[in-house]
Each structure stands twice: as structure tokens, then as C-alpha cells.
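Asks: This is a predicted model, with the sequence first.
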Amino acid sequence: MKFFQKFLFWVPLGILCLVFHACLQVPSLSLHPDDLQSGGHSLPPPVEGTFQIYFPYVGQGDAGLMIFPNGKTLLIDAGPPGAGAKYLLPLLRELNIDRLDALLVSHYDADHLGGIPSLLQGEDGIWKTADDIAVGQAYDRGGEPMDFSPEYLPYLEALQQKAVPRRRLAAGQEMLLDDSVEIRCLAAGAEVLSPRGDVISIDLSPNTYTSKENAASIALSFRFGDFKYFTAGDLTGGGMLNGFLSPDIETLVAKTLGRVDVLHVNHHGSATSSNAAFVAATSPEAVMIQAGKNNPYGHPNAEVVERWKNIGSRIYTTQEGVGFVLTSEGSGVEIR
């Protein structure tokens, strides 16, 4: 695959625009995260007929905005509490988006769903006023949090305030937002779609396990033409955390997923994620790591970063306050 790159940088918004005709990385450029709220140069408008993925800086958390070729939108996670108003609203306003066709919560940790209430309330922070963000459909794995999550009930209350229908997404199911983009759920709630098409259930009950909520993350693959992308929240790969073993969901998912072009690194690049089998099986040309500036968790983990480097993956990280935009025409890669 041939690589080439051109740069176009919007400093006031802290977003680097990448148009994917082939997968490639450029060096991270450092910006202060508060720049996202300032005025100035505009982002490029959504390009009709392309598949775009925006990775804004949201502090220590995850959020990804997808704009499909038909113009429909999907937000996967919304960062920690307050990130919706501070980081995501300016992005949506800049793109002239006041309604999300779908909202998906990968799992119930605060740094993934905490920003939803402040996003849906709009700038005034008041429900059911003109600046609210509308949502057509919410997706999650259903059930209750496996670990304590103080932001779970506020998330449910936000959906109720906006009368957003909530749908459970299970392993093996597909999401239909655009006929030209295949979206498959490969894992949810510690259930994994096998290469044969049946669903394997993972027992998370042993007390020796940590990160059970992370292990229950929804894993999604996206295919648009020849372009393949993967994202899975905080999915675990058997790594250790605080002396306890995390469940290895990654290895099972990788058997069904196979190779991808671009991959959103699980759990902010934590030591619990990106095991050797998963890295080798997916072999992405580029990986995205969303982590907060000077975060207290050491994300991304140095060994995890080295693992991706060793297979030749280009690495992008938001930890210096940088955001990225990926645009695919379905084949080849270009950075502009």
C-alpha cells in the first residue's frame, strides 16, 4: 500500500484532518485542549459520500463522532462528566449538527458516558430548550453496570428527559445507519461472536478478575468498501491491573475480526489491553489512542505503545490535547 501525506491544520480547534486513502500517521502536534472552544478557522464541512470519524480531545475519556456517506451521524461515547458541553458541543456546532441519529455507549464507566447529560442539555444546561441536542436512538449492552458507576443513572435520566428510545445491542447483531457501511457487533456484555457465527459467553464471576465492566464493552467493526475500522471501548486483553488479572476478551474478538486498516486502541492504551495475539491478528496500519493530558493512570502504557510500534502501526494520540478527523472514500488513504 502506498503512503503519502499533506497537512492542513486548524490550530484554534485543535483538530488534524486525515483523509484515508491508505493508512498513515503523522507526528502528533501539541495543542492546549481549551483551544477547542475558541473561535477562528472552521473545520472542513462533512464530505458527501465519504465515511468520517472525528476523534476530539475530551480529557481522560473516549468519544468518537461518525458521519456516514448518507449524512447520518453516530456518536460513540461522550467522555467524562462535563466533556459534552466543553468539547463535544463546540464540535457539533462547528459541523452544523443539532441532532444525532444514534448514540452508542460502549460500557458504563464514567469516562465514556459521563459527558452525555451536558451534551444533550446544550449550552444553557437546561433540559427541553431550543439548544438541546436531539438523539434518534440510543444503543448500549443493556443490563446494569458490573462495577460501581456514578454516571449510569444520570445517563438513563438524560435519555428519559429527551425521550430517546434505548436499544440493547448484542454480539452478532448489525446496526443499520447506511447501506454502504457494514456495522457488526462482535462483542457485548462479555459475549463474543465466533468465526463460526455462534456466540461464546465468558464467565466474569471469578473474584480473581478485575476490570469486569471494561470486559463487557461493546466491540464494533465497520467496513466501507475496502476500508475497515474497529472500536471497542475499554475491552480487556488479559493484562494485569492492581495485581489482578483482566478477562481476555480481545483474543476471542480478534479471531472473528481479523485485519483492519485503522483501530481505536482499547482502554486508552492501558496495560490491560492490546495483548500480543490481538495486535498481531489485527495488524492495523494506524491506531488511535484517546487519553487525557497528564492523566494519573499512565495511559497509554509504554509496553502497549511499543507493541503497536513493533508491528509497524502508525500511532496517533490525543494526550497532548490533539484531535483527529478520519475520512474514508472506501479505498486508499490520504492525509490532508
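Replies: Yes, it's here.

Asks: Tell me where the protein is predicted with low confidence.
Replies: Residues of the chain meeting the criterion pLDDT under 70: 1-44, 332-336.

Asks: Go again with 50.
Replies: Counting by pLDDT under 50, the chain contains low-confidence ranges at 1-41, 334-336.

Asks: how about the helices in the stretch 1-150 of the chain?
Replies: In the stretch 1-150 of the chain, the helices defined using DSSP state H, counting those that start in this stretch lie at 83, 89-94, 110-113, 116-120.

Asks: Please identify the deepest-packed of these.
Replies: helix 83 (a mean of 28; mean count of other CB atoms under 10 Å). Using the backbone N, CA and C atoms, a C-beta is placed for each residue, glycine as well.

Asks: which residues sit against that one?
Replies: 58-59, 61, 63, 114-115, 118-119 (CB atoms under 8 Å, 6 or more residues apart in numbering).

Asks: Looking at those, which is nearest residue 175?
Replies: Minimum distance to residue 175 across these is 17.8 Å, recorded for residue 63 (CB to CB).

Asks: re earlier: right, and the helices of the stretch 1-150 of the chain - which one's nearest residue 267?
Replies: helix 110-113 (10.3 Å).

Asks: helices and strands around the closest one, which ones?
Replies: When contacts are defined as 3 or more CB pairs under 8 Å, 6 or more residues apart in numbering; DSSP states H and E, helix 110-113 packs onto strand 73-78.

Asks: Just give the strands next to the strand it packs on in its sheet, each with its orientation.
Replies: Strand 73-78 pairs in its sheet with strand 63-67 (antiparallel), strand 102-104 (parallel), by DSSP bridges.

Asks: just checking, next helix/strand downstream of it?
Replies: Using DSSP states H and E, the helix or strand that follows strand 73-78 towards the C-terminus is helix 83.

Asks: Save the strands paired with strand 73-78 as CSV, and put in distance to residue 153 and mean neighbour count too.
Replies: What follows is the strands paired with strand 73-78, written out as CSV (distance: least, CB to CB, whole Å; neighbours: other CB atoms under 10 Å):
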stretch, distance to residue 153, mean neighbour count
strand 63-67, 20, 25
strand 102-104, 17, 25
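
Asks: Which of those sits closest to residue 292?
Replies: Residue 292 lies closest, by CB to CB, to one member of the strands paired with strand 73-78: strand 63-67, at 11.9 Å.

Asks: circling back: and the helices of the stretch 1-150 of the chain as a markdown table, adding distance to residue 289?
Replies: Formatted as a markdown table, those follow (distance: least, CB to CB, whole Å):
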| stretch | distance to residue 289 |
| --- | --- |
| helix 83 | 17 |
| helix 89-94 | 19 |
| helix 110-113 | 14 |
| helix 116-120 | 22 |
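
Asks: For residue 129, find the nearest of these.
Replies: Closest to residue 129 of the helices of the stretch 1-150 of the chain, according to CB to CB: helix 116-120, at 11.1 Å.

Asks: Kindly tell me how buried residue 206 is, as a neighbour count.
Replies: 10 (other CB atoms under 10 Å).

Asks: Quick check: phi and psi at it.
Replies: Per-residue torsions, residue 206: phi -50, psi 140 (degrees, to the nearest 10).

Asks: Compute the distance between it and residue 144, please.
Replies: 19 Å (CB to CB, to the nearest Å).

Asks: just residue 86 next, same as before
Replies: 28 Å.

Asks: More neighbours: which of those two?
Replies: When residue 86 and residue 144 are compared for neighbours, residue 86 comes out ahead with 21 against 7, by other CB under 10 Å.

Asks: Contact partners for the closest residue to residue 149 other than its chain neighbours?
Replies: Spatial nearest neighbour of residue 149, excluding adjacent residues (CB to CB, 6 or more residues apart in numbering): residue 108 at 4.5 Å. For residue 108, the contact set (CB under 8 Å, 6+ apart) comprises 140, 145-146, 149, 151-152, 155, 213.

Asks: at 10 Å instead, please
Replies: Shown in contact with residue 108 (CB atoms under 10 Å, 6 or more residues apart in numbering): 114, 140-141, 143-149, 151-152, 155, 213, 216-217, 233.

Asks: Turn the contacts of helix 83 into CSV, columns for distance to residue 100.
Replies: Shown next, in CSV, are the contacts of helix 83 (distance: CB to CB, whole Å):
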residue, distance to residue 100
58, 16
59, 20
61, 17
63, 12
114, 17
115, 13
118, 14
119, 9
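
Asks: and which of those residues is nearest to residue 285?
Replies: If you rank the contacts of helix 83 by distance to residue 285 using CB to CB, residue 63 comes first, at 22.7 Å.

Asks: Let me see the contact set for the closest one.
Replies: Contact analysis of residue 63 by CB under 10 Å, 6+ apart lists 54-57, 75-80, 83-84, 87-88, 91, 111-112, 115-116, 119, 290, 318, 323.

Asks: give me that answer again for 8 Å
Replies: Counted by CB under 8 Å, 6+ apart, residue 63 has contacts 55-56, 75-79, 83, 87-88, 115, 290.

Asks: if I look at it, how far off is residue 199?
Replies: For residue 63 relative to residue 199 (CB to CB), the value is 28 Å.

Asks: Mind jotting down where the helices sit in the stretch 201-336 of the chain?
Replies: Counting by DSSP H, counting those that start in this stretch, the segments of the stretch 201-336 of the chain that form helices are 212-215, 250-257, 276-282, 302-310.
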